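In: Prediction below, plus the sequence it came from.
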Amino acid sequence: PNLVYSGIFTPGVTTGDLTWNVQTSFTNGVSPALSYFDPGHVHGANGGKLSITAASAALDGTFLGRTLTGPAQRVVGPRLGEFDLRFEAQRLATRTAYLVHSPTPPTITFQSGVTQPAAAAFTRDGAGNPAALSAVRLADVFLAPELLTTSGFGKLDIHNGEGRIIVPQNVSLTAALHGSISLLGANLDLFGSLSAPGGTLTFSALNLGPAQKADLDAQGPLAIEPPPNAGRGILRLSSTTRLSSAGTLMDDTTASSLAAYVIEGGDISLKAYSIDLPTGSVIDVSGGVHLKPVLLGNTAEFGNAGKITLHAGQDPLVPYITGGRFTQFGSSLLGYSGEEGGTLDVLAPLLQVGGVAQHADSLVLQPGFFTQGGFTHFKAGGIGIAGQSVPAVFITAGTVIEPVTDSLALAPSATLATTILRKPVGLRRPM
């Protein structure tokens, strides 16, 4: 009450640059003239997690894990719903120790519209143990690809360490933005399309099963190293397989969209005793692009590419179990970006650069391999062959490795599209 009011507050300040004779005005949003009304909007809450662990299961119900992305959650959305399925149980090893095992591992196939015989009603025997499922229901489990779409789950984690997992050629598993698909089995046949834009794809095929590994761990340093198991630990792609965690393309130049987007490429990991990557298959971790609205400069924002990990020749969980290899290495590996290119990490029993293979287990990469795919980081290594004095990494005489990074650029098109560009020396991304 004892203050003298000198006038009405008008927010803002004007600065002058005497050198260039330029004045710049800044306004403050507290001015009544600059206020606006926000009618409110939908804000999606986090999803939860559904976990099922059992030696066997009849999954005939409906599973839902839906989340909703609001208009103010285009870049950072709610935590996605998770579906976690593990075919394992526990067995008493000693008076105080329980070890993991899987007595009836099924073959898991992702397929819609499959009808199986109805499971019998749940009953128990005189000792209180549940009655077993029929042989048909024990042998095969079918999961609908719609778990990741209409059912709403954004993250899928399947453990079937003693059995096979199959994604048929005509099937697509499509996770949400920033989602994930993780498959672990004795053998993996990934013949369809699997994607998680800006997320992670993780695939592991075990030569040594979880039960066998648990026994070894229980024996401690006295454990005897077992030989590799024939016919296990094999991860296969088909010539039409496409694995992608690439970023998305979003055009906001004409009208701001409410659709969510992600421009950073995610990560893809394949680890197995043996891996088959036939020609025609594609593994893509490229970055995306966002065309900003006119009010924000009408510029293109590119996302960094992600990482591809390809490890063959040893068991993913017990690395001293060796003897596997890459049976084919023909996949198209993509890590393009208009910013930072991707990372490629390759591990083989024997790695050779240039020339003709010196050993049956050698993975031979020609120098031109390091100029493809847009990658800016390469990591390549060899494991070695037990009992043989051959170098794990061999670069043939006269071989010159000169990596080159190609970049993404906007293509001249009426709609948002990208093209691959090899910039002049001095303008390329450093390796």
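Out: Cool, the structure landed. Residues are numbered from 1 along each chain as shown.

In: Now stretch 234-251: average pLDDT?
Out: In this model, stretch 234-251 has a mean pLDDT of 97.

In: didn't Thr415 look like it was pressed against Met250?
Out: No: applying C-beta atoms under 8 Å, one finds Thr415 not in contact with Met250, separated by 12.0 Å. (Glycine included, C-beta is placed from N, CA and C.)

In: Which residues are in contact with Asp84?
Out: For Asp84, the contact set (C-beta atoms under 8 Å, 6 or more residues apart in numbering) comprises Lys49, Leu50, Ser51, Ile52, Asp157.

In: Quick check: bridge partners of the nearest residue to the first one once chain neighbours are set aside?
Out: This means Lys49. Take Lys49 and drop its neighbours on the chain: the residue closest to it by C-beta to C-beta, 6 or more residues apart in numbering is Glu82, 4.1 Å away. Here Glu82 shows beta-bridge partners Lys49, Lys155, assigned using DSSP bridges.

In: Surely Glu82 and Asp157 touch.
Out: Yes: under the criterion of C-beta under 8 Å, Glu82 makes contact with Asp157 at 6.9 Å.

In: Show me the shaky parts of the stretch 51-200 of the chain.
Out: Along the stretch 51-200 of the chain, the model assigns pLDDT under 70 to residues 95-96.

In: what about the helix or strand encompassing Ile181, distance to the chain center?
Out: Using DSSP states H and E, Ile181 maps to strand 180-190. Centroid displacement of strand 180-190 relative to its chain, using C-alpha atoms, centre = their mean, to the nearest Å, is 12 Å.

In: Okay, now the sheet partners of that strand, with direction.
Out: Using DSSP bridges, the strands paired with strand 180-190 are strand 155-167 (parallel), strand 200-205 (parallel), strand 234-237 (parallel).

In: residue contacts, Ser337?
Out: If you count contacts by C-beta under 8 Å, 6+ apart, Ser337 has them with Gly265, Ser286, Gly287, Phe302, Gly303, Asn304, Ala305, Gly374, Ser407, Leu408.

In: So what's the residue count around the second one?
Out: Okay, so that is Ser286. When neighbours are counted by other C-beta atoms under 10 Å, Ser286 registers 27.

In: do the same with the first one
Out: Look at Gly265: counted by other C-beta under 10 Å, it has 31 neighbours.

In: Am I right that Pro316 is in contact with Leu208?
Out: No: in this structure, Pro316 is not within contact of Leu208 by C-beta under 8 Å, at 9.1 Å.

In: Skipping adjacent residues, who's closest to Asn46 in space?
Out: Of all residues not flanking Asn46 in the chain, Arg79 sits nearest, at 3.8 Å (C-beta to C-beta, 6+ apart).

In: typed the wrong thing, it's Tyr320
Out: Tyr320 sits nearest to Glu225 (C-beta to C-beta, 6+ apart), 6.3 Å away.

In: Can you tell me the SS state at Leu216?
Out: Three-state call for Leu216 (DSSP: H, G, I helix; E, B strand; the rest coil): helix.

In: Contacts only, for it.
Out: Going by C-beta under 8 Å, 6+ apart, Leu216 touches Leu208, Ala223, Pro226, Val318.
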